[in-house]
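Trainee: Would you be able to build a 3D model of this:
(one chain, ligands or ions: 1)
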Amino acid sequence: MGKKIKVGIIGVGGISGVHIRGYQALPEDVELYAFCDIDEKRLKEKGEKHGVTRLYTDYNEMLKLEELDAFSVCTWNSEHAGATIAALNAGKNVLCEKPMSITNEEAAAMKEAADRNGKLLQIGFVRRFGNDCKILKEFIDNGDLGDIYYAKATYLRRNGCPGGWFGDKSRSGGGPLIDLGVHVIDLVRYLIGNPKPVSVYAATFDKLKNRPDVVKNSGWRSETITEKDIFDVEDLASVMIRFETGQVLHIEASFSLNIKKGQGDIELFGTKGGAKLDPELEIFSEWNRYMTNTQLDMSTSLSFDGLFENEIAHYVDCVKNGTKTIAPAEDGVELMKILNAAYESARTQHEVIIK
Ligand SMILES: NC(=O)c1ccc[n+]([C@@H]2O[C@H](COP(=O)([O-])OP(=O)(O)OC[C@H]3O[C@@H](n4cnc5c(N)ncnc54)[C@H](O)[C@@H]3O)[C@@H](O)[C@H]2O)c1
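Mentor: This next block holds a predicted model:
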């Protein structure tokens, strides 16, 4: 309980909706206080929809509201660093959507601003808050998989570029790798103990692009779609990441791929057992000399019900009560090193060493 924290949102497009829902689920702790968006029409609509009257088209103006405690930064990726650093320098706490930034330098400057101002910077690594992650982590922490030495993950869409700025490299920083790959790289890294990355080898492709003439059947859509959207990012990425622990992770992420249906597998391989997430958690091990496959007698597939609410509730708890975040800026910095090394490796066709 105690005093309610006052929260502002920078960027009130698609994903802000789930942040807003998360804050609204905590009426005792949070007052949704101000919105900012460079699109005036969207700003007015969202203000009216959610009963927020303090509306700004420039975040520097909004940051003059001294009484504001915390922000969600939900802009497109190229604006994350500017908005986050301005908010931290104004003495506010920030939950910044993934990916943390576009460049490694931006990510380091964001973390430095948080440290210098003694404020919280949480990164929107929402998969860390999933029901599936929680259960699998319990088995890992209990030692049931032994030493995990190899992992594979996919986040493959058959025809799923969200449009708008997502295909515009100057605003997104890249395609499915920085947008989707970031989720599964972070999830696996979190599950295996946040090891430091030491090298990356990657290939990217842009053979199919965003397939504007092919009917899309599902998937996330940006609220900023226009007729003039450009697509100058990769449509498929395949990446191998080596960590200082010797652990290796291979991931694939696509916006466009001739595959039967989308895939979101997470597979971990340990000395005592293996595990696979999606659709249900399965554990592969040995029992009494026989190979066994185990499933829990409950649903373990990723549920979106409460997923973002858990993330927001954790952020509010950290802001209000000084709880240590489980998705800190330092992990965002490491993720940006992996993503940028992957793009460099794809460009140079060589392994890239991370210092
Ligand atoms: N965690 C997840 O699963 C998830 C899902 C979707 C999107 N995202 C992330 O959320 C962010 C936004 O994505 P989206 O789908 O909501 O995009 P969107 O296009 O629907 O909305 C982005 C909004 O930001 C606004 N904006 C841009 N620059 C701004 C600035 N300087 N000041 C104020 N407003 C600004 C735009 O006008 C727009 O309204 C991205 O970083 C994306 O990667 C995360």
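
Trainee: Secondary structure element for the residue of the stretch 1-150 of the chain found nearest the ligand, which one?
Mentor: Using CB to the nearest ligand atom, the closest approach of the stretch 1-150 of the chain to the ligand is made by G13 at 1.8 Å. All C-beta spots, glycine's among them, are computed from the backbone N, C-alpha and C. Under the criterion DSSP states H and E, no helix or strand holds G13.

Trainee: So which bits of this structure are right by the ligand?
Mentor: 10-15, 36-39, 42, 59, 74-77, 79, 97-98, 124, 126, 164-165, 179, 220, 222-224 (CB under 6 Å from any ligand atom).

Trainee: In strands only, show me these.
Mentor: Mapping the residues of the chain next to the ligand onto strands (DSSP state E) picks out 10, 36.

Trainee: related to what we said a few turns ago, please name the nearest non-neighbouring residue to the residue of the stretch 1-150 of the chain closest to the ligand.
Mentor: Distances taken as CB to CB, 6 or more residues apart in numbering put E223 closest to G13, at 4.1 Å, once the chain neighbours are dropped.

Trainee: How about the contacts made by the one you found?
Mentor: Each residue near E223 by CB atoms under 8 Å, 6 or more residues apart in numbering is listed here: 13-14, 42, 164.

Trainee: Please apply the same query to N159.
Mentor: 211, 214, 216-217, 219, 255-256.

Trainee: please redo it, this time with the cut-off set to 7 Å
Mentor: 211, 214, 216, 256 (CB atoms under 7 Å, 6 or more residues apart in numbering).

Trainee: cool, R171 as well?
Mentor: Contacts of R171 by CB under 7 Å, 6+ apart are 76-78, 165.

Trainee: Now neighbour count too, for those residues, in TSV please.
Mentor: Formatted as TSV, those follow (neighbours: other CB atoms under 10 Å):
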residue	neighbour count
W76	20
N77	23
S78	18
W165	22
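
Trainee: Out of these, which comes closest to I185?
Mentor: In terms of CB to CB, no member of the contacts of R171 lies closer to I185 than N77, at 15.6 Å.

Trainee: tally of neighbours for D265?
Mentor: Residues lying near D265 (other CB atoms under 10 Å) number 15.

Trainee: what does P99 give?
Mentor: 26.

Trainee: Same check on A346?
Mentor: 22.

Trainee: which one is it nearest to, not counting chain neighbours?
Mentor: Nearest one to A346, counting by CB to CB, 6+ apart, is T204 at 4.1 Å.

Trainee: Could you look up the SS state of the one you found?
Mentor: Here T204 is strand, with the state taken from DSSP: H, G, I helix; E, B strand; the rest coil.

Trainee: Lowest-confidence one in the contacts of N159?
Mentor: Looking at the contacts of N159 by pLDDT, the weakest one is K216, with 83.

Trainee: In a strand, it, correct?
Mentor: No. Read with three-state DSSP, K216 is coil and lies in no strand.

Trainee: do you know how far the closest residue in space to it that isn't next to it in sequence is from A346?
Mentor: Closest residue to K216 apart from its sequence neighbours, by CB to CB, 6+ apart: N159 at 5.4 Å. Counting by CB to CB, to the nearest Å, the gap from N159 to A346 is 22 Å.

Trainee: Cool, thanks, talk later.
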